[in-house]
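J.: after the sequence you'll find the predicted model.
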Amino acid sequence: MKKVLTLAVFVIASFPLWADTFTFKADHMSGNRASGKETLVLTGHAEVHSDSMLLRADRIEIQGKDNEFIDCTGNVWGFEEEKNIIFQSDRLRYDRTLKIARLEGNATLEDRQNEVVAKGRFIEYNDKSEIAVFQAAVRLFKENIVCRSEYAVYRRIEKLLDLSGFPVVFKKSDEFRAERIRVDLDTEDVTMQGEVSGSVKSGE
C-alpha cells in the first residue's frame, strides 16, 4: 500500500499546478487518474496541502484535470496559512483557480489576525478579495462586540461588517437593532439604517 501511495503522489505532482506545492496523505486512496474522470478520493485522516491552504477531513475528493477542485466532508478543518485564518465545517469545497472556499453545515471562520470569530450555516470566503459572506444563523464575536443576523458580509481588509436580516449588535451593555447595520470592527463604531431601535446604558 505504501508503494501505491508513493506512486500516486508522483502522478499528481506531474500535473500543471501553477508553480505551487501540492501534497496529500490519507489512510486509503481510490480513483484512477488515467480513466478520464480525473478524480481521486482520500479517506481516513485525509489531508491536502495546496497553495497556502491546508485541509483535513474524514473524506477528501480531488477533482479536475489540474486538481482545481477539492471537496472535503466530515470533521472538516482548514487553515489559510498566510492570513492566519482557520475554517471548520461539515463540508468544504475549495476552488483552487478562483481561490474561493465554500463551507456548509456548522461552519466557523476564525480570523486570528483580526481577532474575529464568525459562524453561520453557509460561509463563502474569497481569498483574493478577502471578503467573506455568511448566511443563516450568523454569529460574530470580537472582544466587546457580539453580532447576530441572517446575512452578513465581512470585508477583512477594511475590517467592516455589514449585517442584514433581523440584525442585532451587542456592544458591552448596549444593544442596537435596525434593518441594516454596519460595524467597524477596528473602531467599534455602529451605523444603522431603517427602523432603528436599541438601548444604551449610561456610564459604560
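T.: Arrived safely, thanks for sending.
J.: for this protein, which segments are assigned as helices?
T.: Shown for the chain, the helices assigned by DSSP state H span residues 2-13.
J.: what's the closest non-adjacent residue to residue 163?
T.: Nearest residue to residue 163 in three dimensions, chain neighbours excluded: residue 149, at 4.0 Å (C-beta to C-beta, 6 or more residues apart in numbering). Placement of C-beta: from N, CA and C, glycine included.
J.: list the contacts of that neighbour.
T.: Residues near residue 149 by C-beta atoms under 8 Å, 6 or more residues apart in numbering: 138, 163-168, 181.
J.: what about burial for those, which qualify?
T.: Taking 16 or more other C-beta atoms under 10 Å as the criterion, what is buried in these is 138, 163-164, 167-168, 181.
J.: tabulate those residues (TSV), appending pLDDT.
T.: Output for the buried ones among the contacts of residue 149, formatted as TSV (pLDDT from 0 to 100):
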residue	pLDDT
138	95
163	96
164	95
167	95
168	94
181	95
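J.: nearest to residue 62, of the contacts of residue 149?
T.: Closest to residue 62 out of the contacts of residue 149 is residue 138 (30.3 Å), distances taken as C-beta to C-beta.
J.: hang on, the earlier thing: same list (the buried ones among the contacts of residue 149) but as JSON lines, adding distance to residue 96.
T.: Compiled in JSON lines, the buried ones among the contacts of residue 149 are given as follows (distance: C-beta to C-beta, whole Å):
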{"residue": "138", "distance to residue 96": "27"}
{"residue": "163", "distance to residue 96": "30"}
{"residue": "164", "distance to residue 96": "31"}
{"residue": "167", "distance to residue 96": "33"}
{"residue": "168", "distance to residue 96": "37"}
{"residue": "181", "distance to residue 96": "34"}
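J.: between the residues you listed, which is closest to residue 66?
T.: Nearest to residue 66 among the buried ones among the contacts of residue 149, counting by C-beta to C-beta, is residue 138 at 33.9 Å.
J.: got any ranges where the protein has weak pLDDT?
T.: Counting by pLDDT under 70, the chain has low-confidence residues at 1-21, 32-37, 196, 198-204.
J.: how about a cut-off of 50?
T.: 1-19 (pLDDT under 50).
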